[in-house]
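Chemist: coordinates only, sequence not included:
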């Protein structure tokens with residue numbers, strides 16, 4: 001029996017006065033009078049200590065919001081999308097609903113058994129994060145694998161903006177080759193502008209530096225004044241953003257039926273690109289920010305020697321007379337490179353004012369031509385052809 005009950009019983013039975021009971025049991029006289037009032041109104045049980053918790057809480061999360069949080073968590077998880085508290089806040093806000101704190105959302109998810117305990121991880125404070133300050137300051141690229149319904153392997157080539165995590169291009173190939181990388185890069189740059197730098201691994205489609213050579217992609221970047229960066233061999237953390245992106249892509253693809261054809265695969269990737277860029281926030285970005293917003297909110301970086309106007313790349317072979325042809329302004333123009341270069345496979349880079357011809361086998365600058373729409377024949381302006389600087 002509680003001390004309060006004993007004191008009250010001694011008082012109501014006449015064994016002790018209020019003053020004596022207060023002295024004996026260590027209560028104040030005022031408190032004992034309150035206890036006696038409770039006893040007269042509700043009996044001995046009413047004497048026990050009462051909870052100080054308020055009878056109502058105007059800030060309590062409503063059943064509507066709890067139901068929305070649980071439903072969103074289950075739906076986003078089933079769709080293969082991130083469903084953490086920050087993401088749930090963004091969806092609640094866009095639905096016009098009240099937005100609880102992330103800690104409250106986390107408690108609700110725990111209460112409904114929607115959070116699976118994870119092994120203890122390395123603290124985020126121990127990582128050294130590097131992020132470009134502007135969009136187009138650095139593009140990361142890599143490709144990953146998926147399969148069609150019949151088991152056919154597909155390689156998915158991606159270009160990701162380092163600053164905003166904006167997915168610039170996501171394209172399916174039967175097998176990614178060097179020309180595919182060049183074509184994908186130039187098509188993407190034609191839409192978004194040239195980046196100041198690129199960051200990739202050391203795959204042969206990106207670099208030939210370990211075979212003492214240079215491939216088409218390296219030549220293209222050198223010609224455009226774009227800095228090429230490659231991660232250290234065996235250290236994929238350098239390209240951490242694109243590596244982590246592949247997890248997000250595959251988590252989204254996994255719950256969906258395997259496509260039957262390459263065209264179906266590309267349609268699925270186009271759908272993912274729209275969802276990834278505009279219909280979800282990214283946890284590495286400021287709160288409530290999508291990759292599309294982060295990419296468009298700041299001025300774009302440029303290469304150190306960005307050419308003015310457009311550019312295009314063409315693969316060709318010099319004919320037996322040492323000449324090439326190039327269509328420019330609806331006319332065919334002839335480029336002289338010298339008979340010593342006959343039958344050499346070349347990479348032709350055309351900008352607004354110049355055309356550059358580079359050997360695909362020796363990385364030599366073969367010829368440089370100034371564009372003159374009024375002339376059919378463009379002479380080689382390079383007096384001393386030699387190895388392309390880079």
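Modeler: Structure received. Worth saying up front: this structure is predicted, and the values here are computed from it rather than measured.
Chemist: please report how far the closest residue to residue 5 other than its chain neighbours lies from residue 31.
Modeler: The shortest distance from residue 5 to any non-neighbouring residue, by CB to CB, 6 or more residues apart in numbering, is to residue 47 (5.3 Å). For glycine as for every other residue, the C-beta is placed from the backbone atoms N, C-alpha and C. Distance from residue 47 to residue 31, counting by CB to CB, to the nearest Å: 11 Å.
Chemist: okay, the two: which has more neighbours?
Modeler: Ranked by neighbour count (other CB atoms under 10 Å), residue 47 and residue 31 place residue 47 first, with 21 against 14.
Chemist: settle this for me: the more buried one is touching residue 8, isn't it.
Modeler: Yes: counting by CB atoms under 8 Å, residue 47 does reach residue 8; the two are 5.3 Å apart.
Chemist: what's the overlap in contacts for those two?
Modeler: Common neighbours of residue 47 and residue 8 (criterion: CB atoms under 8 Å, 6 or more residues apart in numbering): 35, 39.
Chemist: sketch out the helices for the stretch 251-390 of the chain, chain order is fine.
Modeler: Counting by DSSP state H, counting those that start in this stretch, the stretch 251-390 of the chain has helices at residues 262-278, 291-296.
Chemist: as a markdown table, these with distance to residue 239, mean pLDDT and mean neighbour count would be great.
Modeler: A markdown table is the format used below for the helices of the stretch 251-390 of the chain (distance: least, CB to CB, whole Å; pLDDT from 0 to 100; neighbours: other CB atoms under 10 Å):
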| stretch | distance to residue 239 | mean pLDDT | mean neighbour count |
| --- | --- | --- | --- |
| helix 262-278 | 18 | 95 | 16 |
| helix 291-296 | 17 | 93 | 18 |
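Chemist: for residue 114, which of those is the nearest?
Modeler: Among these, helix 262-278 comes nearest to residue 114, with 21.6 Å by CB to CB.
Chemist: counting by contacts, list what the closest one packs against.
Modeler: strand 153-161, strand 167-173, helix 240-253, helix 291-296 (3 or more CB pairs under 8 Å, 6 or more residues apart in numbering; DSSP states H and E).
Chemist: rounded mean pLDDT for the longest one, please.
Modeler: For helix 240-253, mean pLDDT is 92.
Chemist: quick one: buried residues of it?
Modeler: 241, 242, 243, 245, 246, 248, 249, 252, 253 (16 or more other CB atoms under 10 Å).
Chemist: okay but the first one is in contact with residue 162, surely?
Modeler: Yes: using CB under 8 Å, residue 241 is in contact with residue 162, at 6.2 Å.
Chemist: what separation do you get for the closest residue in space to residue 146 that isn't next to it in sequence and residue 258?
Modeler: Excluding the flanking residues, the one nearest residue 146 by CB to CB, 6+ apart is residue 154, at 5.0 Å. According to CB to CB, residue 154 and residue 258 sit 10 Å apart.
Chemist: who's more crowded, the two?
Modeler: residue 154 (21 against 17).
Chemist: tell me who's in contact with the more buried one.
Modeler: Residue 154 makes contacts with 145, 146, 147, 148, 172, 173, 174, 262, 265, as judged by CB under 8 Å, 6+ apart.
Chemist: filter the residues you listed to the buried ones?
Modeler: Buried among the contacts of residue 154 by 16+ other CB under 10 Å: 146, 148, 172, 173, 265.
Chemist: residue contacts, the closest residue to the third one other than its chain neighbours?
Modeler: I take that to be residue 172. Closest residue to residue 172 apart from its sequence neighbours, by CB to CB, 6+ apart: residue 265 at 4.5 Å. By CB under 8 Å, 6+ apart, the residues touching residue 265 are 146, 148, 154, 172, 259.
Chemist: returning to that earlier point: report the set of residues contacting both of residue 241 and residue 162.
Modeler: Common contacts of residue 241 and residue 162 (CB under 8 Å, 6+ apart): residue 140.
Chemist: how many neighbouring residues does residue 162 have?
Modeler: Quick note: residue 162 (other CB under 10 Å) scores 24 neighbours.
Chemist: wait, doesn't it sit right on residue 200?
Modeler: No: Residue 162 sits out of contact with residue 200 when judged by CB under 8 Å, with a separation of 11.7 Å.
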